[in-house]
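Trainee: pasting the structure only:
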């Protein structure tokens, strides 16, 4: 499979065989975290089937003006965490 990927298309067959010999299959369940921000990147992942989403959790702060009486307003701050999808990695 990897020989069809653009990254490896010009590799010699003996190098591809060496790489294949070191690869292991890892099944990932839906919703499972594969890699976390700040983690050590010591392996390379290749998506064989399905897709993996790269997401980032972002804290969003909202400010809303609310009346407290006829002449006074209060600013209410709310914070929430939003999951933002950066990209998707598909097969290959």
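Mentor: Received, thanks. What you see is a predicted model; the values in this text were computed from it and never measured. Numbering: from 1, shown residues only.
Trainee: every contact and neighbour count from this point should use C-alpha atoms.
Mentor: Will do.
Trainee: ends of stretch 3-18, what's the gap?
Mentor: From its first residue to its last, stretch 3-18 covers 12 Å (C-alpha to C-alpha, to the nearest Å).
Trainee: stretch 35-51 now?
Mentor: End-to-end distance for stretch 35-51, by C-alpha to C-alpha: 14 Å.
Trainee: strands of the protein, start to end?
Mentor: Taking DSSP state E as the criterion, the chain carries its strands at 51-67, 73-90.
Trainee: nearest the geometric middle of the chain, what residue?
Mentor: Nearest residue to the geometric centre of the chain (C-alpha atoms, centre = their mean): residue 54, 1.5 Å.
Trainee: that residue contacts residue 86, doesn't it?
Mentor: Yes: between residue 54 and residue 86 there is a contact under C-alpha atoms under 8 Å: 5.5 Å.
Trainee: okay, now the unreliable bits of the chain?
Mentor: Low-confidence segments of the chain (pLDDT under 70): 1.
Trainee: dump the strands of the chain into JSON lines; add distance to residue 39 as well.
Mentor: JSON lines is the format used below for the strands of the chain (distance: least, C-alpha to C-alpha, whole Å):
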{"stretch": "strand 51-67", "distance to residue 39": "14"}
{"stretch": "strand 73-90", "distance to residue 39": "17"}
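Trainee: between these, which one is nearest to residue 28?
Mentor: Nearest of these to residue 28, taken as C-alpha to C-alpha: strand 51-67 at 9.1 Å.
Trainee: so what's the gap between that closest one and the chain middle?
Mentor: 16 Å (C-alpha atoms, centre = their mean, to the nearest Å).
Trainee: contacts for that strand?
Mentor: For strand 51-67, contacts defined as C-alpha atoms under 8 Å, 6 or more residues apart in numbering pick out 73-91.
Trainee: partner strands of that strand, with direction?
Mentor: As defined by DSSP bridges, the strand partners of strand 51-67 come to strand 73-90 (antiparallel).
Trainee: contact partners of the strand it pairs with?
Mentor: Strand 73-90 has contacts (C-alpha under 8 Å, 6+ apart) with 47, 49-68.
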